[in-house]
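J.: What would the 3D arrangement of this be:
(one chain, ligands or ions: 1)
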Amino acid sequence: MHICYIIAMQAEAQPFIDAFHVKEQEGAFAPLPCRLYQTEAEVGKKLSIVTLGRQHDRDLVGCEAASVATLAAIEKLHPDLVINSGTCGAWARKGADIGKVYVADSVMFHDRRVPGDDAWDTQGLGNYPVWEHSGEVARKLSLETGKVTTGSSLDLQPCDEVIIEREGGELKDMEGAAVAFVCSLAGVPVMLIKSVTDLCDASASTLETFQKNLYQASEHLAEVNRKVVGLLLS
Ligand code: SAH
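T.: Down below sits the predicted model:
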């Protein structure tokens, strides 16, 4: 099995890259900015980690960069499974805590309002399938499952919150649905594993909380991802 992780920020990916001693394949996606790290090929087992790369002197985040990286990775690497892993916001009143790691049981967009009819609404929200064994992985690693909703902004606007509440969203990120969208087109299964950096129902600033907790949440995420890889590639 060949697993390809798509991870937005270098800070989110670094503890995982360090744990597996994967090597950067420089220029693998040139001229695209996404970066490839790979294990030495073992018969029947392979791990690739793709980060989104940088532009404007910052790590790329968000749906566009995630879509580009996912399509490039699928076309170049032909993985059997894509895993989008990274940080997210969540709600304390729904049981979340900083650093808690979840596996997605569903994924959709929360900021694509497309007036028209039900079909346009359905396409806007997306609701893409996640890998059928996601729940089993969560159970085996004692992780909770939840619905990821994706938008292009770190902040939470009231109109997005209406959709998130209506649709039962629990984990808010900026890449998950974009990765799942590309995987749905390419027919590649996708699993999402997310670690909470900030609580959307806390009074503290999202950005400050995100920055304060990024390191801890990414370390915890790497521990979980080591177990996921152990489980799937053993
Ligand atoms: N300005 C930030 C950039 C991080 S953007 C910085 O200074 O580092 C946030 C990244 O973390 C995105 O990749 C997104 O997927 C994830 N994320 C964490 N918390 C989020 C939240 N509350 N809402 C949306 N995305 C969040």
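J.: Next, count neighbours for the closest residue in space to L32 that isn't next to it in sequence.
T.: In space, and not counting its chain neighbours, L32 is closest to A72: 5.5 Å by C-beta to C-beta, 6 or more residues apart in numbering. All C-beta atoms are positioned from the backbone trio N, CA, C, and that covers glycine. For A72, the tally of surrounding residues (other C-beta atoms under 10 Å) stands at 18.
J.: who touches A72 in this structure?
T.: By C-beta atoms under 8 Å, 6 or more residues apart in numbering, the contact list for A72 reads 29, 32, 34, 50.
J.: Using the three-state scheme, assign it.
T.: helix (DSSP: H, G, I helix; E, B strand; the rest coil).
J.: What about the nearest residue to P79 once chain neighbours are set aside, how many residues nearby?
T.: Nearest non-adjacent residue to P79, counting by C-beta to C-beta, 6+ apart: C4, 3.6 Å away. For C4, the tally of surrounding residues (other C-beta under 10 Å) stands at 26.
J.: Could you do V137 as well?
T.: Using other C-beta under 10 Å, V137 is surrounded by 19 other residues.
J.: Which strand or helix spans it?
T.: Element membership for V137, per DSSP states H and E: helix 134-140.
J.: ok and the residue in this structure nearest the ligand?
T.: Per C-beta to the nearest ligand atom, G89 is where the chain lies closest to the ligand, at 2.2 Å.
J.: Then that residue would be within a strand, right?
T.: Yes. Secondary structure of G89 (three-state DSSP): part of a strand.
J.: returning to that earlier point: just put the contacts of A72 in JSON lines and tack on pLDDT and distance to the ligand.
T.: As requested, the contacts of A72 are arranged in JSON lines below (pLDDT from 0 to 100; distance: C-beta to the nearest ligand atom, whole Å):
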{"residue": "F29", "pLDDT": "98", "distance to the ligand": "19"}
{"residue": "L32", "pLDDT": "98", "distance to the ligand": "18"}
{"residue": "C34", "pLDDT": "98", "distance to the ligand": "14"}
{"residue": "V50", "pLDDT": "98", "distance to the ligand": "14"}
